[in-house]
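**Student:** I would like the atomic coordinates for the input below:
(one chain, ligands or ions: 1)
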Amino acid sequence: MSDSQATKASDARGKGAVSRLLAFAGPRKTLTYLGCALSAVSMLVSFGPYVCIWLVARDLIAVAPDWGAATGIAAYGWWAFGLAAASILIYFAGLMCTHLAAFRCASIMRKRTTDHLMHASLGYFDTHASGALRRVVDGCAAETEGLLAHKLPDTAGSIAMIVGMLVLFFVFDWRLGLACLVAVIISLGCMFYMMGGRGMDFMTRYMESLVKMNKTGTEYVRGIPVVKVFQQTVYSFRAFHDAIEEFTRLAQDYAVKWCQTPQSLSLTIINGVAIFLVPAAILVAPGEGDFARFLANFAFYAIFSAVIPTAMTRVMFMSEAFQSAADAVSRVEEVLAAPVISAPATPRAPAGNAIRFEDVTFTYEGADAPALDHVSFEVPAGATVALVGPSGGGKTTAASLVPRFWDVDAGRVTLGGVDVRAMDPHDLMDRVAFVFQANRPFRQTILENVRAARPEATREEALAALEAAQCADILEKLPQGADTLVGTGGTHLSGGEVQRLMIARAILKDAPVVVLDEATAFADPENEVKIQAAFKRLARGRDGEPRTVLMIAHRLSTVRNADKIVVLDSGRVVEQGTHDELLAAGGLYARMWADYEKSVSWRITSAQEVE
Ligand SMILES: Nc1ncnc2c1ncn2[C@@H]1O[C@H](COP(=O)(O)OP(=O)(O)OP(=O)(O)O)[C@@H](O)[C@H]1O
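**Tutor:** Just a heads-up that it's a prediction; the model follows:
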């Protein structure tokens, strides 16, 4: 979607955003309505003191200069005080209601997004960064809290203020009221000029340019290490620089060329209502029968005109409040639209642990070509099958379909003869242990991280799993051994060490089926040897029985002894068989093997030369 389409779509979503937002509040949305109504009433009551001022002026002018004859003044004063106090109290009562509804709404929003994410397909978390999701779950809820608690009742108050103001304009003297209204109309005209028509086009381009600057800015920050390593100047990030320039130009044009005149006019007119009021009074005064009353009316309008700038400023900020509600609720709705792992009504239990891919086709959302195209192969129970092939061939995708990171588009993946989608998702997770590169430790101790696989496991069992996963050296070098805190903010572990920790977790789980990514790209030779040993241990199980293993093999050295090798290229199975069979076939695998042997001999030769 282009930025302009995105902006328009977000405008469209803006409509009804508040009602979509209130849907989260459940029965408490009545409290929001009540709070808004109270805020409106409070605003109308706040006009009371102005009416009292009019009454005071009327009575004083009527008895002038015998001021002592105006006996009701003190009463009006008390009324003004009482109404001002009542307005504040009613406003607080309104805020209480909207806060109660807002807290409930935000907590329901957080709960529903968290619940939904608990059932979202695991692949969703590969493509959506955890930081961004946290910002939606927590940030949007917090944003809507402020909106429902404050901005919405204030908007109701603004509407009441404008309606009340228009009514009061015509209650005492419609001619003087009309003079004030002229100021309001000119100010509104300036606002529409700035925001509507060409002004809106300006605004759309301004917003698009802002989005572009934010995007290129993020890319720039992410690329800073590359810039430093390659000694590039800031201008190597041309796109970011251009986006800043474009935004600066648009912001200046908008402020100087477009808004300067109407904004100045609006501010002058609205703060100088007297420009219209005084000439109107001079014109009307000569024909006035009751001059005392006319003077009181004039005094009222002169004082009341102070309300107009506040009312107009509130009008300007009303649309902003709705726009931010639309953005927040749209981001939450996007999370709620994340695909979930469907659970069958009557789950089936698998018979055995063989994995079968039957004519499986799968395309990533938004991708042009399928990542897997009519893929069929079998991993017999207790066998080890390796997926090999060029980068982007579909190995990771195929392995991800077994624990249902994604669901197939066509065909099926079965475990023990049962479609994985027909199994209880918990049962599937119990039966499959997976070790992927993206696995990261939790911010917990090493022991707790391992026990995440089986919380009821004893300390001894977890330590045994760590030992089996070749983690003894990691524990030795850490001051608190297995009780050392790792993960964000904890002790740093290298990539190879993290992978061994993840293998320990899988060993403790001791599931009958193991799906693993043997990538050891980041491991040094010593780590690699240990990881391979840990993999072997994982493939055997605690009872020594071989597990069903589907392994993504990035290096051919590890696949030679696999029971079967499946070669994936561009999402298709191009050949499968044992190492010897595939070498004899002379296809892609044979070529890959020849390349691999060549690279090994190069390494040996260069090592000898160095000696
Ligand atoms: N999350 C994703 N969204 C869209 N396309 C994806 C996603 N993940 C992978 N792909 C695409 O699917 C295809 C298969 O990718 P996959 O990661 O399964 O290949 P691979 O054989 O594991 O590659 P490698 O050896 O480099 O890890 C590639 O064209 C890749 O670009």
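**Student:** okay, now residue 378: neighbour count?
**Tutor:** Counted by other CB atoms under 10 Å, the residues lying close to residue 378 total 16. To be clear about C-beta, it is placed using only N, CA and C from the backbone, and glycine gets the same treatment.
**Student:** quick check: the gap between the closest residue in space to it that isn't next to it in sequence and residue 563.
**Tutor:** Leaving aside its chain neighbours, residue 378 sits nearest to residue 356 (4.8 Å; criterion: CB to CB, 6 or more residues apart in numbering). Note on residue 356: its distance to residue 563, by CB to CB, to the nearest Å, is 15 Å.
**Student:** thinking again about what came up before, tell me which helix or strand the residue nearest to residue 378 sits in.
**Tutor:** Secondary structure from DSSP states H and E places residue 356 in strand 355-362.
**Student:** list the contacts of that strand.
**Tutor:** By CB atoms under 8 Å, 6 or more residues apart in numbering, the residues outside strand 355-362 that reach it are 370-379, 397-398, 401-402, 406, 408-415, 417, 513, 548, 550.
**Student:** now swap in stretch 474-489 and tell me
**Tutor:** Looking at stretch 474-489 with CB under 8 Å, 6+ apart, the contacting residues turn out to be 440-447, 449-450, 462-463, 466, 490-491, 493, 497, 500-501.
**Student:** any of the residues you listed buried? List them.
**Tutor:** Buried by 16 or more other CB atoms under 10 Å: 441, 445-447, 449-450, 462-463, 466, 490-491, 493, 497, 500-501, out of these.
**Student:** run a quick neighbour tally on residue 365.
**Tutor:** Other residues near residue 365 come to 9 when the count uses other CB under 10 Å.
**Student:** now do the SS call for the residue nearest to residue 17 when sequence neighbours are not counted.
**Tutor:** The shortest distance from residue 17 to any non-neighbouring residue, by CB to CB, 6+ apart, is to residue 326 (3.7 Å). Classification of residue 326 using DSSP: H, G, I helix; E, B strand; the rest coil returns helix.
**Student:** report how many residues lie close to residue 326.
**Tutor:** A count of neighbours around residue 326, defined by other CB under 10 Å, yields 21.
**Student:** same question, residue 244
**Tutor:** Neighbours around residue 244, by other CB under 10 Å: 16.
**Student:** can you check residue 476 too?
**Tutor:** 8.
**Student:** for the ligand, what are the nearby residues on the stretch 101-250 of the chain?
**Tutor:** Residues of the stretch 101-250 of the chain lying near the ligand by CB under 6 Å from any ligand atom: 126-127.
**Student:** which single residue of the stretch 101-250 of the chain ends up nearest the ligand?
**Tutor:** Nearest residue of the stretch 101-250 of the chain to the ligand, counting by CB to the nearest ligand atom: residue 127, 4.7 Å away.
**Student:** tell me what the helix or strand where residue 301 lies is packed against?
**Tutor:** Here residue 301 sits within helix 291-304, counting by DSSP H and E. When contacts are defined as 3 or more CB pairs under 8 Å, 6 or more residues apart in numbering; DSSP states H and E, helix 291-304 sits against helix 48-63, helix 174-195, helix 274-284.
**Student:** show me what contacts the spatially most central residue of the chain?
**Tutor:** The centroid of the chain falls nearest to residue 136 when counting by CA atoms, centre = their mean (3.1 Å). Neighbouring residues of residue 136 by CB under 8 Å, 6+ apart: 113, 331-332, 334-335.
**Student:** from those, which would you call buried?
**Tutor:** For the contacts of residue 136, a neighbour count by 16+ other CB under 10 Å gives the buried set as 113, 331-332, 335.
**Student:** could you dump these to a markdown table with secondary structure and pLDDT?
**Tutor:** Listed next are these as a markdown table, based on DSSP: H, G, I helix; E, B strand; the rest coil; pLDDT from 0 to 100:
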| residue | secondary structure | pLDDT |
| --- | --- | --- |
| 113 | helix | 90 |
| 331 | helix | 82 |
| 332 | helix | 86 |
| 335 | helix | 86 |
